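Novice: mind folding the following:
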Amino acid sequence: MWKDSVTIGNRKIELETGRIARQAHGAVLLREGDTAILSTVVYDPKRGQELDFLPLTVDYRVYMSAAGRIPGGFLRREGRSSDAEVLGSRLCDRSIRPLFPKSYAADTQVISTVLSYQTGSDTTVLAMNGAAAALHLSEIPWRGPLAALRVGRVDKRLIALPTLEELGDSDLDLVVSCSLEGVVMIEGGGHQVPEGEMLEAIAFAQEHARPMLELMEKLRGEVGREKVELPPPPEPPAFAVRLEEQARGPLTAALDTAEKHARRDNLREAKQAVIDALESAHPDAGVAEAAPGLLDELEARLMREQIVKEKRRVDGRAPDAVRPVSCEVDWLPSPHGAALFTRGETQAMVTLTLGTSQDRQLVESLDGVGYERFMLHYAFPPYSVGETRPLRGPGRREVGHGTLARRALAAVLPSEEAFPYTLRIASEISESNGSSSMATVCGGCLALMDGGVPITAPVAGIAMGMVKEDGEIVILSDILGDEDHLGDMDFKVAGSETGITAIQMDNKIGSLPAEVMAQAFEQARQGRLHILAEMAKAIAQPREAVKPHVPLITTLHIAPDRIRDLIGPGGKIIQKIQRDTSSRLEVDDEGAVRIYAPNKEACDAAEAAVLNAAGSLEVGQVYLGVVTGVKDFGAFVRIRGSEGLVHISEWAPERTENLPALVKLGDEVRVKVLEPDKPGRLSLSRKAAL
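Specialist: Now for the predicted structure:
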């Protein structure tokens, strides 16, 4: 058994191997305080090597027993992955995938399981480190090590591996994966953080991740297994040179087609023509088997050469150009907010629905049960790319894209006190050719403004790409699907004019130097400002009010000791108010009364009824009260659940001789609240209210 530890920030992280899961090809038990996570890696060297892609499966699983809890739901056991587990799996996958050799295609599975949990532990980031350590330890030819770190910022002070409390006060939440060469993966966001400050946080993460990288190197050096040598790539067929000579011209012409489907049709026809001609010339050379792969490689090479040498992309744009943008709002009558955002051949139909507190999403985690007030759901139907596919629940990609867009918009939402609605944004991608998640950000922002949500600033998003050839690097703005597939980077940045609210970066070359990220940030900022200007042509700021068919919500505050007056015996008073006004009332222990009403009239009536039943009284204010008793010396009047005396001398400007003859029980009178008398009793005046 091998065991060693390292301290990052104020967290001691321990790696152990050789005691648990010994039949796995790599297994590490990672501990941080009372948190324990087992990460394993297994591969099958005989399965998948004939494939042209990496069949990698990454799973991050959380056992509720880790926190001494029994799972909720009917089955009372762990079932399908939660959104949090899906997001953790994606973070790990996106971090480790670029470090596999291009020729490696063995069936590989990585599993990280949370076995024990200490409140405040960042199990997602810890699991990413455990998985990287298990891979680095194994014989799999993975180019590690790799370390992951979360960075927060409180009062402009950067914090490595922040606690939950620190993260709650942080204006930045960033997860960065680093290798010894540079940054591999980034995921996170902030409260409109300027680009320069975001770069500082990334550099801070690299610096503080180094001790973990060194510990993994020590693990590898002392107990690591010998890495498997990959077979050399096969020799190209004899006709490969002639194939490229014949195909270069037709493929270059086919690539020079702006529309996606037309370009792919032209490429398919050009490739088939080249294959047919070669088969005629070399009938026994196996052209049909080898040529398609060679032609695909040539297509990628030609597209990349055109970008690097000519600074021109397949749709004719310059590297920093953004496709034409079109925005519409209020195009659907029933949703509470609606937007149609189109950028080139990517389009998002986005709707906003406003609900009550009962519509919040219940979320179960190791820390217990909580509620989400803001939901964003992203859907990618098959018709958006002209395909047929069964409709199922959201996949990992849809969960990840929706979470990224949600993070981008959550940073500019008003507080629940200022806008007490539950919010749900639904984005359905109706057409796709790159960057549909950023179209969701733009469409979501438009829908929020169309729905009258008082966001603090408009937000837009853009996806950046990169091509690196022969040491030269070209950064691409607003990438197409083909540029994402054949390029070296997918760098999504969302934010306002002021700064960044969400960021996500993946790359295929293993690591990115700081100067490349700085250039990508600046080019993304320019593109974002351009898109924000286009969005402002449709709607520049939130509407002044929600739409007429949106239920109204208002909040009143009563004294905590008056809650019982509002509720009444057996709930009779609050139930009567709800029936009479067609509204719904919620009251908490602090005296906050939330009213949900179908329209303004009902809302005003419910508000008046609540105040009449349990509102506080202010000296000098006039209220409508009900006479509850009449004596020779004065009348008792109840206002807002409190009873006071109108002395006979305060009944009218003139002298009152026989009060019982002038007023009877149940009469409504307007009275003014006077200073209380010495015993603290409520003193009222009808005379002063006239």
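Novice: ramachandran coordinates for Thr35?
Specialist: Dihedral pair for Thr35: phi -90, psi 130, per degrees, to the nearest 10.
Novice: partner residues bridging it?
Specialist: Judged by DSSP bridges, the bridge partners of Thr35 are Glu32.
Novice: let me see the contact set for it.
Specialist: 114, 116-118, 121, 123, 126 (CB atoms under 8 Å, 6 or more residues apart in numbering). C-beta here means a position set from N, CA and C on the backbone, and glycine is covered the same way.
Novice: out of these, which is nearest to Val385?
Specialist: Thr123 (35.2 Å; CB to CB).
Novice: what's the closest non-adjacent residue to that closest one?
Specialist: Spatial nearest neighbour of Thr123, excluding adjacent residues (CB to CB, 6 or more residues apart in numbering): Val114 at 5.0 Å.
Novice: the one you found - how many residues pack around it?
Specialist: Close neighbours of Val114, defined as other CB atoms under 10 Å, add up to 26.
Novice: what helices or strands is the helix or strand hosting it leaning on?
Specialist: Following DSSP states H and E, one finds Val114 within strand 107-116. Packing partners of strand 107-116 (3 or more CB pairs under 8 Å, 6 or more residues apart in numbering; DSSP states H and E): strand 35-44, strand 56-62, helix 83-96, helix 123-137.
Novice: nearest to Leu158, out of these?
Specialist: Across the helices and strands packed on strand 107-116, Leu158 has its closest neighbour in helix 123-137 (15.5 Å, CB to CB).
Novice: any buried residues in the top helix by length along the chain, and which?
Specialist: Counting residues, the longest helix in the chain under DSSP state H turns out to be helix 195-223. By neighbour count on 16 or more other CB atoms under 10 Å, the buried set for helix 195-223 is 195, 197-198, 200-206, 208-209, 212-213, 215-216, 218-220.
Novice: ok, stretch 395-409 next?
Specialist: Buried, per 16+ other CB under 10 Å, within stretch 395-409: 398-409.
Novice: between those, which is nearest Glu78?
Specialist: Minimum separation from Glu78 among these (CB to CB) is found for Val399, which lies at 17.4 Å.
Novice: tell me the spacing between that closest one and Gly190.
Specialist: Distance of Val399 to Gly190, given as CB to CB, to the nearest Å: 22 Å.
Novice: likewise for Leu174?
Specialist: For Leu174, the distance to Gly190 - CB to CB - is 7 Å.
Novice: which residues do these two both contact?
Specialist: Taking CB under 8 Å, 6+ apart as the criterion, Leu174 and Gly190 both touch Met198.
Novice: before we move on, back to that, next SSE downstream of the longest helix of the chain?
Specialist: helix 240-255.
Novice: other SSEs contacting that following helix?
Specialist: With contacts taken as 3+ CB pairs under 8 Å, 6+ apart, helix 240-255 sits against helix 260-281, helix 287-310.
Novice: CA atoms of the longest one as PDB?
Specialist: So that's helix 287-310. Provided in PDB are the C-alpha atoms of helix 287-310 (Å, rounded to 0.1, in the frame of the first residue of the first chain):
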ATOM      1  CA  VAL A 287      -9.600   1.600 -52.200                       C
ATOM      2  CA  ALA A 288     -13.200   1.300 -50.900                       C
ATOM      3  CA  GLU A 289     -11.900   0.400 -47.400                       C
ATOM      4  CA  ALA A 290      -9.000   2.800 -47.000                       C
ATOM      5  CA  ALA A 291     -10.000   5.900 -49.100                       C
ATOM      6  CA  PRO A 292     -12.900   7.200 -46.900                       C
ATOM      7  CA  GLY A 293     -10.700   7.700 -43.900                       C
ATOM      8  CA  LEU A 294      -7.900   9.200 -45.900                       C
ATOM      9  CA  LEU A 295     -10.300  11.600 -47.600                       C
ATOM     10  CA  ASP A 296     -11.800  12.700 -44.200                       C
ATOM     11  CA  GLU A 297      -8.200  13.400 -43.000                       C
ATOM     12  CA  LEU A 298      -7.500  15.400 -46.100                       C
ATOM     13  CA  GLU A 299     -10.800  17.400 -45.700                       C
ATOM     14  CA  ALA A 300      -9.700  18.400 -42.200                       C
ATOM     15  CA  ARG A 301      -6.200  19.300 -43.300                       C
ATOM     16  CA  LEU A 302      -7.500  21.500 -46.200                       C
ATOM     17  CA  MET A 303     -10.000  23.300 -44.000                       C
ATOM     18  CA  ARG A 304      -7.300  24.000 -41.400                       C
ATOM     19  CA  GLU A 305      -4.800  25.100 -44.100                       C
ATOM     20  CA  GLN A 306      -7.300  27.600 -45.500                       C
ATOM     21  CA  ILE A 307      -7.900  29.100 -42.100                       C
ATOM     22  CA  VAL A 308      -4.200  29.400 -41.200                       C
ATOM     23  CA  LYS A 309      -2.800  30.400 -44.600                       C
ATOM     24  CA  GLU A 310      -5.700  32.400 -46.200                       C
END
